[in-house]
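K.L.:
Sharing a model that was predicted from the sequence below.
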Amino acid sequence: MPYKKIISRLQLVFIIIALLFITKLILESYDDLLDILVKAKFQYFFIALFFGVASHFFAAWCTKSILNTYNINIPYFFILKTHITRLPNKYLPGGIWHTVSRAFDFHQKGVKGPYLTVLFLLESLLAVTISFIIGGSGLFFLSNVSNELKIILLSSSIIALITLVLLPFLMNFFILRKNKKINLYRFFIVL
């Protein structure tokens, strides 16, 4: 059996398994879900739904932007389609199948291993560092917490900001040594 047929059949199996897990979760949580729906304020539900859908478009844009930083041009709609069609894999046990299947799709489009490594590391690390920057700064300025906690919050924001600035340099040095480097100008423009 050709390699592509095996992969496409495995992807179908993974989607079916993901849908079974989602169905199982819904059935096990039926009473809780019904209670939430009864008490829900639907204007908040639709706002959350809008941001949930928008996050997928934003995630595809971030992937496109990261790929552009090392001059790899893959069409946005291919990235968006890949992200959305691989979403059921996110809910398989282990939590890595969404990334693995996207890596396979990008590799099929010609993105080499070191760039895939950098792409998925940057996706994860950017999410963490930006969360620390926004969350730490927001809590520092908007909450009534002790001075000790404010110092911790501010420190975590500063460390995350420094990490964000150092990420492309570290990726270029440790992972992309012999490959085309991340275009630092494009990286910082994207941020």
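P.N.:
It's in. All values derive from a computational prediction rather than experimental measurement.
K.L.:
per-domain residue ranges of this protein.
P.N.:
The chain breaks down into these domains under automatic domain parsing: 1-40+75-107, 41-72+111-191.
K.L.:
possible to save the ones you listed as TSV with mean neighbour count?
P.N.:
C-beta coordinates here come from the backbone N, C-alpha and C atoms, glycine included. What follows is the domains of the chain, written out as TSV (neighbours: other C-beta atoms under 10 Å):
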stretch	mean neighbour count
domain 1-40+75-107	14
domain 41-72+111-191	15
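K.L.:
could you dump the ones you listed to TSV with mean pLDDT?
P.N.:
Shown next, in TSV, are the domains of the chain (pLDDT from 0 to 100):
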stretch	mean pLDDT
domain 1-40+75-107	84
domain 41-72+111-191	81
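K.L.:
What is the subsequent helix or strand relative to whichever helix in the chain runs longest?
P.N.:
Longest helix of the chain, by residue count under DSSP state H: helix 113-142. Per DSSP states H and E, the first helix or strand lying C-terminal to helix 113-142 is helix 147-174.
K.L.:
That next one packs against which elements?
P.N.:
In terms of contacts (3 or more C-beta pairs under 8 Å, 6 or more residues apart in numbering; DSSP states H and E), helix 147-174 is packed against helix 113-142, helix 184-190.
K.L.:
and those helices as JSON lines, adding distance to I47?
P.N.:
JSON lines is the format used below for the helices and strands packed on helix 147-174 (distance: least, C-beta to C-beta, whole Å):
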{"stretch": "helix 113-142", "distance to I47": "18"}
{"stretch": "helix 184-190", "distance to I47": "27"}
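K.L.:
Contacts only, for the residue nearest the centre of the chain.
P.N.:
In the chain, the centroid-proximal residue (C-alpha atoms, centre = their mean) is E123; its distance is 5.3 Å. By C-beta atoms under 8 Å, 6 or more residues apart in numbering, the residues touching E123 are A59, C62, T63, I66.
K.L.:
so who does I74 touch?
P.N.:
K64, L67, F106, K109, V111.
K.L.:
nearest spatial neighbour of the fourth one, skipping sequence neighbours?
P.N.:
Spelled out, it's K109. I74 (5.5 Å; C-beta to C-beta, 6 or more residues apart in numbering).
K.L.:
what's the spacing between stretch 6-21 and its chain's center?
P.N.:
21 Å (C-alpha atoms, centre = their mean, to the nearest Å).
K.L.:
wait, I meant stretch 19-36
P.N.:
25 Å.
K.L.:
Return it as CSV; C-alpha atoms alone will do.
P.N.:
Taking Å, rounded to 0.1, in the frame of the first residue of the first chain, the C-alpha atoms of stretch 19-36 are listed here in CSV:
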residue,chain,number,x,y,z
LEU,A,19,-15.1,12.4,17.4
LEU,A,20,-15.8,9.4,19.6
PHE,A,21,-13.9,11.1,22.5
ILE,A,22,-15.9,14.3,22.0
THR,A,23,-19.1,12.4,21.9
LYS,A,24,-18.1,10.5,25.1
LEU,A,25,-17.3,13.8,26.8
ILE,A,26,-20.7,15.3,25.8
LEU,A,27,-22.5,12.2,27.1
GLU,A,28,-20.6,12.2,30.4
SER,A,29,-21.1,15.9,30.9
TYR,A,30,-24.7,16.1,29.6
ASP,A,31,-26.2,17.3,32.9
ASP,A,32,-23.5,20.0,33.4
LEU,A,33,-23.8,21.2,29.8
LEU,A,34,-27.6,21.4,30.2
ASP,A,35,-27.2,23.4,33.4
ILE,A,36,-24.8,25.7,31.7
